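Enquirer: sharing a model prediction with you, sequence too.
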Amino acid sequence: MNLLADESVDAPIVARLRADGHDVTYVAEMSPGISDNMVLNLANRKNRLLLTADKDFGDLVFRQRRLNSGVVLIRLEGLSSKEKADLTASLIAQHSQQLTNAFTVITPGVIRIRQSGD
């Protein structure tokens, strides 16, 4: 799967997804500090699913109705880096078809996938 990881995403998550064979572009490696709008534009332009831990993307997608290729909001505070990486990798492996053009929130024990227009 083609992914864009915002700089708010932990590096071990990026490493795990790459190890699993996903094509992951990591904002922290290419353009740290770019605005959320620029990150969302880049994900859309490159047709990549956006991974982020930044709740501001919910505002961009829902309140401002910004078009998106799909966003996964990672809300896994309190878990180890390995647990975060495992849960994120599992989500993508099990739900990859549902994540495109959806806003997904992953928390410990709960995954919410909201399709565009829901």
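Expert: Sure, I can see it.
Enquirer: distance check, residue 24 against residue 108.
Expert: 23 Å (CB to CB, to the nearest Å). Using the backbone N, CA and C atoms, a C-beta is placed for each residue, glycine as well.
Enquirer: of these two, which one has the most company?
Expert: Higher neighbour count among residue 24 and residue 108: residue 24, with 23 against 12, using other CB atoms under 10 Å.
Enquirer: does that one count as helix, strand or coil?
Expert: Assigned by DSSP: H, G, I helix; E, B strand; the rest coil, the conformation of residue 24 is strand.
Enquirer: now swap in residue 65 and tell me
Expert: coil.
Enquirer: was I right about residue 28 contacting residue 10?
Expert: No - the criterion here is CB atoms under 8 Å, and residue 28 misses it with residue 10 at 9.9 Å.
Enquirer: chain neighbours aside, what residue packs nearest to residue 86?
Expert: residue 16 (7.3 Å; CB to CB, 6 or more residues apart in numbering).
Enquirer: residues in contact with the worst-scoring helix or strand of the chain on mean pLDDT: which ones?
Expert: Across the helices and strands of the chain, the lowest-confidence element by mean pLDDT, DSSP states H and E is helix 56-58, at a mean of 85. Applying CB atoms under 8 Å, 6 or more residues apart in numbering, the external contacts of helix 56-58 come out as 6, 36, 40, 50, 71, 73, 103.
Enquirer: that older thread, residues touching the residue nearest to residue 86, list them.
Expert: Here residue 16 is in contact with 85, 86, 88, 89 (criterion: CB under 8 Å, 6+ apart).
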